[in-house]
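Student: Structure of the sequence below:
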Amino acid sequence: MTGIIARWRQRLPVTDHTPIVTLGEGGTPLVRADRVAKAAGLPPGSIFLKLEGLNPTGSFKDRGMTLAISKALENGAEGVLCASTGNTSASAAAYAARAGLRCVVFLPKGKVAAGKLSQAVMHGAEIVEVDGNFDSALTMAVEAARLQGLTLVNSANPFRIEGQKTGAFEILEQLGRAPDNHFIPVGNAGNITAYWKGYTEMGHRPRMFGWQAAGAAPLVHGKPLKNPKTIATAIRIGNPISWKTAVAARDQSNGLIGSVTDADILAAYRFLAEKEGVFCEPSSAASVAGLFKLAKMRKAPKGLTVCVLTGHGLKDPDITRRFKPKRRRVKAGGSVKL
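Tutor: Numbers count the residues shown, from 1 in each chain. Next up, the predicted model:
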């Protein structure tokens with residue numbers, strides 16, 4: 001059997017009676033990024049990218065969902081429920097389909113990228129569109145789960161965090177050591193929480209650098225935002241569930257939670273695609289945008305750095321329309337001078 005539960009069973013809350021629901025998640029590449037390093041004024045071999053967009057449904061959410069759905073099935077759940085900006089709903093719908101469970105997803109109307117919405121639809125999820133933002137959808141999802149007996153599989157579910165911590169285990173194994181610095185996008189803040197948990201369980205304490213979009217940066221401002229705004233839909237969240245644990249990860253690691261503008265995010269998004277051959281969704285590029293921001297301030301941390309890219313570029317294809325392609329039109333049958 002493949003998947004993170006089979007690989008890390010001894011470090012996860014499962015028993016011989018836990019039915020394992022997997023799509024073969026985990027084992028994502030860790031890619032050296034020397035052009036990113038050069039652009040940040042850092043030496044070759046100092047920057048690596050963790051490509052979480054190569055999980056089965058195209059995002060890191062699969063790590064937590066395999067465990068959350070497996071435990072829901074073990075505990076006799078009749079169905080699962082979540083609120084989502086897109087990736088959680090895609091993952092929940094896929095793993096619920098695999099398990100034969102009902103899946104209900106609460107989505108902010110008109111604010112979910114096309115690639116993610118299509119996944120939830122095709123996996124058979126029941127979709128509830130909420131006239132509001134993600135935070136409104138989450139409030140409704142939590143209440144619906146409580147009243148109707150469905151299992152909530154947002155990152156408030158502790159099994160989600162347990163599954164996602166395996167990303168840190170993989171990085172340690174792939175590098176053969178702990179990174180000095182870990183850069184990661186921050187939306188609902190479950191992933192920075194999970195990576196810190198994974199590192200510390202293995203006896204390591206890299207500095208954690210979390211990056212929010214400037215228009216959706218409640219952790220930076222120290223207060224929830226009613227109307228978060230950013231083109232990076234996956235991190236368009238005004239009141240993260242894992243607020244306290246994210247702040248703890250920052251403080252305990254002597255790290256930082258900062259913000260980057262949409263322009264910064266799109267510049268890093270394009271740089272990664274054109275210079276490193278890595279196509280991630282805009283939200284993912286916040287980690288590299290944060291590195292570039294610190295580099296411009298001459299504050300890029302020294303040592304070995306891992307930047308997590310949380311989702312695949314095909315998750316949010318409409319963003320590419322902002323960029324003018326290198327294109328020409330020719331008549332069929334003739335020769336073309338290139």
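
Student: tell me the pLDDT at residue 338?
Tutor: At residue 338, the pLDDT value in this model is 83.

Student: Residue 1 now?
Tutor: Note on residue 1: pLDDT of 64.

Student: mind listing the strands for this structure?
Tutor: 30-32, 47-51, 79-83, 102-108, 126-130, 151-152, 181-185, 207-213, 256-260, 305-309 (DSSP state E).

Student: quick one: the helices in the chain?
Tutor: Assigned by DSSP state H, the helices in the chain fall at 4-8, 34-39, 61-74, 87-99, 114-122, 134-148, 158-164, 166-175, 190-201, 218-221, 243-252, 262-276, 286-296.

Student: Any chance of these in TSV with distance to residue 228 as columns?
Tutor: All C-beta atoms are positioned from the backbone trio N, CA, C, and that covers glycine. As requested, the helices of the chain are exported to TSV (distance: least, Cβ to Cβ, whole Å):
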stretch	distance to residue 228
helix 4-8	30
helix 34-39	27
helix 61-74	19
helix 87-99	16
helix 114-122	17
helix 134-148	8
helix 158-164	21
helix 166-175	25
helix 190-201	16
helix 218-221	7
helix 243-252	14
helix 262-276	12
helix 286-296	14
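
Student: for those helices, which one sits closest to residue 50?
Tutor: Proximity to residue 50, assessed across those by Cβ to Cβ, is greatest for helix 166-175 (6.3 Å).

Student: If you count contacts, what does that closest one end up packed against?
Tutor: helix 4-8, strand 30-32, strand 47-51, helix 190-201, strand 305-309 (3 or more Cβ pairs under 8 Å, 6 or more residues apart in numbering; DSSP states H and E).

Student: Please work out which of those is packed deepest.
Tutor: Across the helices and strands packed on helix 166-175, averaging neighbours per residue (mean count of other Cβ atoms under 10 Å) puts strand 305-309 on top, at a mean of 28.

Student: how distant is it from the center of its chain?
Tutor: 11 Å (Cα atoms, centre = their mean, to the nearest Å).

Student: tell me the angle it makes with strand 207-213.
Tutor: Interaxial angle of strand 305-309 relative to strand 207-213 (axes from the mean of the first three to the mean of the last three Cα atoms, to 10 degrees): 40 degrees.

Student: So which elements touch strand 305-309?
Tutor: Taking 3+ Cβ pairs under 8 Å, 6+ apart as the contact cut, strand 305-309 packs with strand 47-51, helix 166-175, strand 181-185, helix 286-296.

Student: Please enumerate residues in contact with the third one?
Tutor: In this structure, residues lying in contact with strand 181-185 by Cβ atoms under 8 Å, 6 or more residues apart in numbering are 171, 191-192, 195, 199, 206-212, 232, 234-235, 283-284, 286-288, 290-291, 301, 303-308, 310.

Student: Please apply the same query to the first one.
Tutor: Residues from elsewhere that reach strand 47-51 (Cβ under 8 Å, 6+ apart): 28-34, 36-37, 40, 167, 170-171, 175, 179, 272, 276, 278, 280, 288, 291, 304-309.

Student: could you give the angle of that strand to helix 262-276?
Tutor: Counting by the same axes, to 10 degrees, strand 47-51 points 100 degrees away from the direction of helix 262-276.

Student: Distance from the chain centre to strand 47-51, please.
Tutor: Taking mean C-alpha positions (Cα atoms, centre = their mean), strand 47-51 and its chain are 13 Å apart.

Student: swap in the second one?
Tutor: Helix 166-175 has its average C-alpha position 16 Å from the chain's average C-alpha position, going by Cα atoms, centre = their mean.

Student: same deal with the last one?
Tutor: Relative to its chain's centre, helix 286-296 lies at 17 Å (Cα atoms, centre = their mean).

Student: Check which helices and strands it is in contact with.
Tutor: Using 3+ Cβ pairs under 8 Å, 6+ apart, the elements in contact with helix 286-296 are helix 34-39, strand 181-185, strand 207-213, strand 256-260, helix 262-276, strand 305-309.
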